[in-house]
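# model this:
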Amino acid sequence: MTRPLTKSEQICQTLHRYIASGQLTAGQQLPAERALSERFATTRITVKEALSTMEAEGIIYRAERRGWFVAPPRLVYDPARHTHFHQWIAEQQRSAETRLLGQGSELASSDLCRWMAITPFTPLFGIRRQRLIDGRPVLHVSHHLLATRFPGIESQPLAGSLTELYLREYGMGQGGARLEVTPVAARGEIARVLNLAQGSPVLRLVRVNYDQAGALIDCDIEHWRPDAICIALDTRPVSHG
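Numbering: from 1, shown residues only. Model prediction:
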């Protein structure tokens, strides 16, 4: 015998149907939690439970102080590919934008020393950027470059593709990379840039990059809204036939 749906499950089912039928479309705002609680004749706690479940599934997302919205389809993200951000977003028929948040010299933190296998006080150059897809902030990324390998980097245009900049200005192509993916909580600038409440879950991807000769280039620390991407890694050799 099938058990009856809970009120939270009923709310999820109804909203799923609205979205699947196109009655609610990507980017459309849902009614406020209080209005939903009245429409479903239940408490705001139950509504919050249902919305949080759908957020975890990537179907809706919450914008701090703005409410809940229908999420666009997740992007398929292969972190092992070296295609630059704007190119792979365009390949999926979406629009991308990068905004420079800050730049400057820095000393390696203990985490960066561990990730990059460098000694304390190693001079680095840091670049912080916000990235948007279809106008929605989905990614905060900080790049930590070995300063000695990038003389004059501070005068370069840093809102575009760093991969192309490295090759064009420094003759430095992409070789291999090491990846580490961890769910963490958004704090400080990361939460503000992604329009999330402090402590909201985000997906952290740490990528340590090496050049064609295997020498260290930099470390990228990406914090993604978890509803924005699906990570899919394909290690099959590329066919040239």
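# Need phi/psi at residue 7.
Backbone torsions of residue 7, given as degrees, to the nearest 10, read phi -60, psi -40.
# In this structure it contacts residue 39, no?
No: using C-beta atoms under 8 Å, residue 7 is not in contact with residue 39; the gap is 11.9 Å. To be clear about C-beta, it is placed using only N, CA and C from the backbone, and glycine gets the same treatment.
# Between these two, which has more neighbouring residues?
Remark: of residue 7 and residue 39, residue 7 carries more neighbours, 16 against 12, as counted by other C-beta atoms under 10 Å.
# Surely residue 149 and residue 172 touch.
Yes: at 7.3 Å, residue 149 and residue 172 qualify as touching, with contact defined as C-beta under 8 Å.
# Mutual contacts of the two, please.
residue 217 (C-beta atoms under 8 Å, 6 or more residues apart in numbering).
# neighbour-wise, which of the two wins?
residue 172 (20 against 16).
# Surely that one is within a strand?
No: counting by DSSP: H, G, I helix; E, B strand; the rest coil, residue 172 is not found in a strand; it is coil.
# Pull the contacting residues for it.
For residue 172, the contact set (C-beta under 8 Å, 6+ apart) comprises 149, 166, 211, 217.
# Okay, the first one and residue 166: tell me how far apart.
What it means is residue 149. According to C-beta to C-beta, to the nearest Å, residue 149 and residue 166 sit 9 Å apart.
# do the same with the last one
In this structure, residue 217 and residue 166 are 7 Å apart, going by C-beta to C-beta.
# Show me where this structure has its strands.
Ranges of strands in the chain, per DSSP state E, are 60-63, 67-70, 75-77, 96-107, 123-133, 136-146, 174-185, 201-211, 216-224, 229-231.
# In JSON lines, list these along with distance to residue 53.
Below are the strands of the chain laid out as JSON lines (distance: least, C-beta to C-beta, whole Å):
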{"stretch": "strand 60-63", "distance to residue 53": "10"}
{"stretch": "strand 67-70", "distance to residue 53": "12"}
{"stretch": "strand 75-77", "distance to residue 53": "22"}
{"stretch": "strand 96-107", "distance to residue 53": "29"}
{"stretch": "strand 123-133", "distance to residue 53": "24"}
{"stretch": "strand 136-146", "distance to residue 53": "21"}
{"stretch": "strand 174-185", "distance to residue 53": "17"}
{"stretch": "strand 201-211", "distance to residue 53": "13"}
{"stretch": "strand 216-224", "distance to residue 53": "20"}
{"stretch": "strand 229-231", "distance to residue 53": "18"}
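# Which one, of the ones you listed, ends up nearest to residue 30?
If you check each of those against residue 30 by C-beta to C-beta, strand 67-70 wins as the nearest, at 4.3 Å.
# now what about the closest one, what contacts it?
Contact partners of strand 67-70, identified using C-beta under 8 Å, 6+ apart, comprise 19, 24-30, 32-33, 51, 55, 59-63.
# Just the buried ones out of these, please.
19, 24, 30, 33, 51, 55, 59-62 (16 or more other C-beta atoms under 10 Å).
# Of all pairs in these, which one is the farthest apart?
Among the buried ones among the contacts of strand 67-70, 19 and 33 lie farthest apart (C-beta to C-beta), at 17.5 Å.
# count of neighbours near the closest residue to residue 146 other than its chain neighbours?
Nearest non-adjacent residue to residue 146, counting by C-beta to C-beta, 6 or more residues apart in numbering: residue 216, 6.1 Å away. Here the count is done by other C-beta under 10 Å, and residue 216 has 15 residues near it.
# Quick check: neighbours shared by residue 149 and residue 166?
Both residue 149 and residue 166 are contacted by 172, 217, under the criterion C-beta under 8 Å, 6+ apart.
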